[in-house]
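Novice: This is a predicted model, with the sequence first.
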Amino acid sequence: MIMESPFKEDILKGKVALVTGGGSGICFGISTQFGKHGAAVAIMGRRVQVLVDAVEALKSQGIRAIWIKGDVRKQEDAARVVQSTVEHFGRLDILVNGAAGNFITSPEDLSPNGFRTVMDIDSVGTFTMCHEALKFLKKGGQGKGSSTGGLILNISATLHYPATWYQIHSSAAKAAVDSITRSLALEWGTDYEIRVNGIAPGAIQDTLGVEKLSTEEMRKVIENTPLFRWGEKWDVAMAALYLASDAGKYINGTTIVVDGGIWLSRPRRIPKEEVKRISRILEKKSRELPTATTNSKL
């Protein structure tokens, strides 16, 4: 079912948004709705074909969009992508940090390197992008005529509210993301008039996260959510639009949970042997995924 936006089509007119992980899943939904509501959009990711396909889809809807290959774990990539966005569109108003890594595993089967990788992508990557975007997001830095600071949206999760089985790495990373959101909201809100907020999505259908991380038992948990349905990418995108628009101009340092209230329940435990079986399947799928080997061009 096609949902109609409750927001005016031009609420983000003249704005420029950079979305990491914007080529797929939840963040592609955000990129699409930002574009439909007047923003120009740059999407960043590591897989070229995903980026190319995403930009073609955005442009087919009349959205001004570009893609730039980059890895949020690399400071030089972060700096290059931010600079390229500003050079192409002339300014930067909104940064959405959506790049993330995840898989399910029990703590005893998780290597320190695997833990570090997720932390690097989700938490260190989020801060790195914020750090490199600061000079363009702060008051007067976005471009000609800017009089106020920009907006940072960090995509979090509910895994650490209070805890989730087999997700110690992602729970730690997203807890750090929430902390980054609050700290930057305090300091950069005060010093540069930059608002920093977060969104913590729940189980959103038709996303790689649900495909990778859910099992039949985990899917049954959805039946216990107060709203009795899977979330949609549209739901998260509408929350992002609200925070990016003037309607959210007095909201700073808050992470909005968009999950129908399922985080209030307790997930059912999955046998560890089942987790190992799923992990083997995911490893096989990961080896089969295409990798980007070409350089990006604007």
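Specialist: Structure received. Fair warning: this is a prediction, and the values are worked out from it, not measured in the lab.
Novice: contacts and neighbour counts: CA atoms only from here.
Specialist: OK.
Novice: Just the helices from the stretch 51-200 of the chain, written as ranges.
Specialist: With DSSP state H, counting those that start in this stretch as the criterion, the stretch 51-200 of the chain has helices at 75-89, 112-119, 125-137, 168-192.
Novice: Highest mean neighbour count out of those helices?
Specialist: Most buried of the helices of the stretch 51-200 of the chain, by mean neighbour count (mean count of other C-alpha atoms under 10 Å): helix 125-137, with a mean of 22.
Novice: In terms of secondary structure, what does that one contact?
Specialist: In terms of contact count using 3 or more C-alpha pairs under 8 Å, 6 or more residues apart in numbering; DSSP states H and E, helix 125-137 is assigned the packing partners helix 75-89, strand 94-97, strand 151-155.
Novice: Now tabulate those in CSV and tack on mean pLDDT.
Specialist: Formatted as CSV, these follow (pLDDT from 0 to 100):
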stretch, mean pLDDT
helix 75-89, 98
strand 94-97, 98
strand 151-155, 98
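Novice: need the ones you listed in TSV with distance to Glu283, can you?
Specialist: Shown next, in TSV, are those (distance: least, C-alpha to C-alpha, whole Å):
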stretch	distance to Glu283
helix 75-89	27
strand 94-97	25
strand 151-155	25
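Novice: Of these, which is nearest Ile104?
Specialist: Ile104 lies closest to strand 151-155 among the helices and strands packed on helix 125-137, at 18.9 Å (C-alpha to C-alpha).
Novice: Just list what that closest one packs against, helices and strands only.
Specialist: Partner elements for strand 151-155 (3+ C-alpha pairs under 8 Å, 6+ apart): strand 94-97, helix 125-137, helix 168-192, strand 195-201.
Novice: residue ranges with poor pLDDT in this protein?
Specialist: 1-2, 140-147, 205, 207-229, 266-269, 289-298 (pLDDT under 70).
Novice: if we can go back for a sec, between the helices of the stretch 51-200 of the chain, which one is nearest to Ile104?
Specialist: With C-alpha to C-alpha, the closest approach to Ile104 among the helices of the stretch 51-200 of the chain belongs to helix 168-192: 8.9 Å.
Novice: what helices or strands is that closest one leaning on?
Specialist: Packing contacts for helix 168-192, counted by 3+ C-alpha pairs under 8 Å, 6+ apart, involve helix 112-119, strand 151-155, strand 195-201.
Novice: quick one: which of these is nearest Lys135?
Specialist: Of the helices and strands packed on helix 168-192, nearest to Lys135 by C-alpha to C-alpha is strand 151-155, at 12.5 Å.
Novice: what's the distance between that closest one and the middle of its chain?
Specialist: Strand 151-155 sits 8 Å away from the centroid of its parent chain (C-alpha atoms, centre = their mean, to the nearest Å).
Novice: Partner strands of that strand and their direction?
Specialist: Looking at strand 151-155 with DSSP bridges, its partner strands are strand 94-97 (parallel), strand 195-201 (parallel).
Novice: Format these as CSV; extra columns: distance to Lys276 and mean neighbour count.
Specialist: Putting the strands paired with strand 151-155 into CSV (distance: least, C-alpha to C-alpha, whole Å; neighbours: other C-alpha atoms under 10 Å) gives the following:
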stretch, distance to Lys276, mean neighbour count
strand 94-97, 30, 27
strand 195-201, 25, 26
